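**Student:** Sequence plus predicted model, see below.
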Amino acid sequence: MKGVWLARALGVMAGAVLVGSFILVSAAHSQPKTRLPPITGDLLRGRTVIIDPGHGGWDSGARGTHVTEAEINLKVALKLRSWFQLAGARVLMTWQHVQDIPAREKYRVHQRVDWINQHGGDVLIDIHCNSGNAVFRNPQTFYWEGAASYHLAYDVQEELQYFTHSRRQVKRIDQYVLRYAKMPAINVEIGYVTNAEEERLLMDPTYQERLTWYIFVGTERWLMKGRWSPELLDSPPPIDLLVR
Ligand SMILES: [Zn+2]
């Protein structure tokens, strides 16, 4: 138990250090475009991150009281995109405007996966909202197969645990997109739209910004640990970035 507690405490401290560095660096550089410190150096520069906001068009996904899952997925995905763009990554989105998928058109998941694989990103992040019993809440990160996807999911979920004080763990799930994507892939179920309080949070732009920051930091942590598969990594991360 002590070991688990220590690991958790260290994780919290690591998060605090990252946030601390963020504040220090942002004070040193006044231009808004450079407010994000290069936590991984140039590791994200030139990488392609594909973000897939779940559902869209005819398929609204889960429904909350005030909002549909697809609406939230898109807004959160756009916030997540900006963090990666600030870090120099090339970001592709399966859709980025409500009108990209006509309202009467059926959501065809296999076409979406084909598009994702044709564009060949280094990493795929699917964004969904969960639904269920009204008391269920908090984000959870899913993966299907492979060490790279597992570690990515684990690092993102650890950041989300820190952010939400939740104990939800990563989980393996057989989802079409995760199964057929030819790259490390995760699905972040960002919270329950069926929980009234969490639905309110998920609709709040400030909360969306914070939530996506932790998803982004989790992805960067995965990069820092050199967990890219050999095919994706030309060289290991610089050692000095691992000692912070
Ligand atoms: Zn969904």
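**Tutor:** Arrived safely.
**Student:** What residues does residue 175 make contact with?
**Tutor:** Under the criterion of C-beta atoms under 8 Å, 6 or more residues apart in numbering, the neighbours of residue 175 are 126, 142, 144, 187. C-beta coordinates here come from the backbone N, C-alpha and C atoms, glycine included.
**Student:** same deal with residue 117?
**Tutor:** Counting by C-beta under 8 Å, 6+ apart, residue 117 touches 180, 181, 182, 183.
**Student:** likewise residue 186?
**Tutor:** 124, 125, 126, 141, 142, 143, 149, 152, 153, 156, 178.
**Student:** and the two most separated of the residues you listed?
**Tutor:** Using C-beta to C-beta, the two most remote members of these are 156 and 178, lying 13.5 Å apart.
**Student:** and the two? which has more neighbours close in?
**Tutor:** Counted by other C-beta atoms under 10 Å, residue 156 and residue 178 do not tie: residue 156 has more neighbours, with 26 against 22.
**Student:** quick one: the strands in the protein?
**Tutor:** 48-53, 90-93, 123-130, 140-143, 171-172, 185-192 (DSSP state E).
**Student:** Look at the residue in the chain that the ion sits nearest to and report its pLDDT.
**Tutor:** Nearest to the ion, among the residues of the chain, is residue 128, at 3.5 Å (C-beta to the ion). For residue 128, the model assigns a pLDDT of 98.
**Student:** from now on call the first residue 277
**Tutor:** All right, first residue 277 from here; so that's residue 404.
**Student:** if I read this right, it contacts residue 330, doesn't it?
**Tutor:** Yes: taking contacts as C-beta atoms under 8 Å, residue 404 lies within contact range of residue 330: 3.9 Å.
**Student:** shared neighbours of those two, which are they?
**Tutor:** With C-beta under 8 Å, 6+ apart, residue 404 and residue 330 have common neighbours 337, 345, 349, 463.
**Student:** Skipping adjacent residues, who's closest to the first one in space?
**Tutor:** Using C-beta to C-beta, 6 or more residues apart in numbering and skipping the chain neighbours, the partner closest in space to residue 337 is residue 345 (3.1 Å).
**Student:** And the pLDDT for the one you found?
**Tutor:** Note on residue 345: pLDDT of 97.
**Student:** same deal with residue 427?
**Tutor:** In this prediction, residue 427 carries a pLDDT score of 89.
**Student:** Count the neighbours of it for me.
**Tutor:** 19.
**Student:** Was I right to think it contacts residue 498?
**Tutor:** Yes: counting by C-beta under 8 Å, residue 427 touches residue 498, with 5.8 Å between them.
**Student:** and the residue nearest to the spatial centre of the chain, what does it touch?
**Tutor:** What sits nearest the mean C-alpha location of the chain, by C-alpha atoms, centre = their mean, is residue 491, with 3.9 Å. Contacts for residue 491 (C-beta under 8 Å, 6+ apart) come out as 356, 401, 432, 435, 436, 464.
**Student:** do the same with residue 453
**Tutor:** 328, 385, 388, 389, 392, 400, 402, 461, 463.
**Student:** so what's residue 343 up against?
**Tutor:** Residue 343 neighbours (C-beta under 8 Å, 6+ apart): 469, 475, 478, 479.
**Student:** What number of residues are in the vicinity of the third one?
**Tutor:** Residue 478 is flanked by 26 other residues according to other C-beta under 10 Å.
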